[in-house]
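In: Pasted the sequence and its predicted model underneath.
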Amino acid sequence: MKILYICTHNRCRSILSEAISNHFSDGKLEAKSAGSQPSGEVHPLSLKYLQEAGIATEGLQSQSWDEFEDFAPDIVVTVCDSAAGEACPVWFGNSVKVHWGLSDPSKLEGSESEKAEAFRATIAEIKSRVEALKSISVDVSEQTALRAALKECGAV
């Protein structure tokens with residue numbers, strides 16, 4: 001199943017989701033991430049806490065959703081509220097769209113230990129949803145069945 005994670009700036013939550021999905025999906029998911037207004041850089045704490053969790057960070061980059069027109073995702077997951085409200089490109093038309101609404105750990109103002117805990121909690125939440133996504137065994141071309149399976153397994 002192909003998944004495209006969208007966050008406006010594609011520097012933290014969508015990057016975390018891409019890396020975690022590819023790491024924990026046992027080959028059942030192919031994840032990419034992008035943004036409508038990419039910042040051009042991955043947040044350094046995203047890389048730090050992914051590495052701490054033993055998740056590969058090579059190849060992660062902040063990029064535009066325009067670069068994925070040929071990717072043809074089965075599911076497009078918005079992970080930030082601003083991306084959820086944006087008009088998506090027409091080529092997302094055949095994809096099932098869901099919203100996760102993850103808190104942004106990179107925006108937390110606080111001590112290093114508070115920031116670390118926020119990143120670790122976000123990573124754990126994404127991992128839990130990825131585990132649910134792995135359990136889906138429906139024909140992804142059947143959007144109604146895919147939507148129902150996403151709801152049933154708690155992946156939305």
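Out: Received, thanks.
In: Going by C-alpha atoms from here, please, whenever you check contacts or count neighbours.
Out: Fine.
In: So which residues of this structure form strands?
Out: Shown for the chain, the strands assigned by DSSP state E span residues 2-6, 30-34, 75-78, 96-99.
In: Compare those and give me the one nearest Ala19.
Out: Among these, the nearest to Ala19 by C-alpha to C-alpha is strand 30-34 (7.7 Å).
In: List the contacts of the closest one.
Out: Residues outside strand 30-34 that contact it (C-alpha atoms under 8 Å, 6 or more residues apart in numbering): 1-10, 14-15, 17-19, 21-22, 62-65.
In: in its sheet, what does it sit against?
Out: Strand pairing for strand 30-34, using DSSP bridges, gives strand 2-6 (parallel).
In: Show the pLDDT at the residue sitting furthest away from the middle of the chain.
Out: Ranking residues of the chain by C-alpha distance from their mean position (C-alpha atoms, centre = their mean) puts Ser111 at the top, at 25.9 Å. As predicted, Ser111 sits at a pLDDT of 94.
In: Look up phi and psi at it.
Out: Phi and psi for Ser111, reported as degrees, to the nearest 10, are phi -70, psi 170.
In: hang on, the earlier thing: any chance of JSON lines for the strands of the chain, columns mean pLDDT, distance to Glu125 and mean neighbour count?
Out: Formatted as JSON lines, those follow (pLDDT from 0 to 100; distance: least, C-alpha to C-alpha, whole Å; neighbours: other C-alpha atoms under 10 Å):
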{"stretch": "strand 2-6", "mean pLDDT": "94", "distance to Glu125": "15", "mean neighbour count": "25"}
{"stretch": "strand 30-34", "mean pLDDT": "96", "distance to Glu125": "16", "mean neighbour count": "24"}
{"stretch": "strand 75-78", "mean pLDDT": "90", "distance to Glu125": "14", "mean neighbour count": "25"}
{"stretch": "strand 96-99", "mean pLDDT": "88", "distance to Glu125": "14", "mean neighbour count": "19"}
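In: wait, which of those is closest to Lys48?
Out: Using C-alpha to C-alpha, the strands of the chain put strand 30-34 closest to Lys48, at 18.0 Å.
In: What's the local residue count around the nearest residue to Ser106 once chain neighbours are set aside?
Out: Spatial nearest neighbour of Ser106, chain neighbours left out: Cys12 (6.8 Å); criterion: C-alpha to C-alpha, 6 or more residues apart in numbering. Residues near Cys12, counting by other C-alpha atoms under 10 Å, number 23.
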